[in-house]
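Peer 1: quick one, what's the 3D model for this:
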Amino acid sequence: MSPFFLLSLLFSLAFGRTASLCAPSEYIIHVEKRECAYCLAINTTICAGFCMTRDSNGKKLLLKSALSQNVCTYKEILYQTALIPGCPLHTIPYYSYPVAVSCKCGKCNTDYSDCVHEKVRTNYCTKPQK
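Peer 2: Residues are numbered from 1 along each chain as shown. The predicted model follows:
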């Protein structure tokens, strides 16, 4: 193993941000309302990827500050609004959704993120897509 490669590897491990692969990623949201005739597939970006964390097996031996469990989360976000087609007049046909502009590794903020991974797939349409 070359000394340059070994030094690069040690530097990456010491400074987790250089090894993090957290970035905006393309994602499709399927949106429908009970009153509307169609489902809308929206292309957006979300934050996804790998963030360096520290193993918490030694909880009793380490300070709380040393037990960081970072997730890939939003650094900068903006919202866009889409019109759901086929809605009757008494229904609000608009849906606002987040667009990740930039991402970071950090603590999960429940004000704007779902911090729990569910195994159930809920992102699909039950009505015809438009």
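
Peer 1: what about the helices in the protein?
Peer 2: 3-14, 16-19 (DSSP state H).

Peer 1: any idea which of these scores lowest on pLDDT?
Peer 2: Across the helices of the chain, helix 16-19 has the smallest mean pLDDT, namely a mean of 46.

Peer 1: could you dump stretch 90-101 to CSV, C-alpha only?
Peer 2: Taking C-alpha atoms only, stretch 90-101 is exported to CSV below (Å, rounded to 0.1, in the frame of the first residue of the first chain):
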residue,chain,number,x,y,z
HIS,A,90,-64.9,22.8,-3.9
THR,A,91,-61.5,21.1,-3.4
ILE,A,92,-58.2,22.9,-3.0
PRO,A,93,-56.2,21.4,-5.9
TYR,A,94,-52.7,22.5,-4.8
TYR,A,95,-49.9,20.5,-3.1
SER,A,96,-46.7,22.0,-1.7
TYR,A,97,-43.6,19.9,-1.5
PRO,A,98,-40.0,20.3,-0.4
VAL,A,99,-37.0,20.6,-2.8
ALA,A,100,-33.6,19.9,-1.4
VAL,A,101,-31.1,22.6,-2.7
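
Peer 1: tell me the average confidence for that stretch?
Peer 2: In this model, stretch 90-101 has an average pLDDT of 94.

Peer 1: list the buried ones in it?
Peer 2: Neighbour-count burial for stretch 90-101, counted by 16 or more other Cβ atoms under 10 Å, picks out 93, 95, 98-100. All C-beta atoms are positioned from the backbone trio N, CA, C, and that covers glycine.

Peer 1: swap in stretch 26-37?
Peer 2: Buried, per 16+ other Cβ under 10 Å, within stretch 26-37: 27, 31-33, 36.

Peer 1: make TSV out of these and add pLDDT and distance to residue 77.
Peer 2: Output for the buried residues of stretch 26-37, formatted as TSV (pLDDT from 0 to 100; distance: Cβ to Cβ, whole Å):
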residue	pLDDT	distance to residue 77
27	92	13
31	90	18
32	90	23
33	91	23
36	93	26
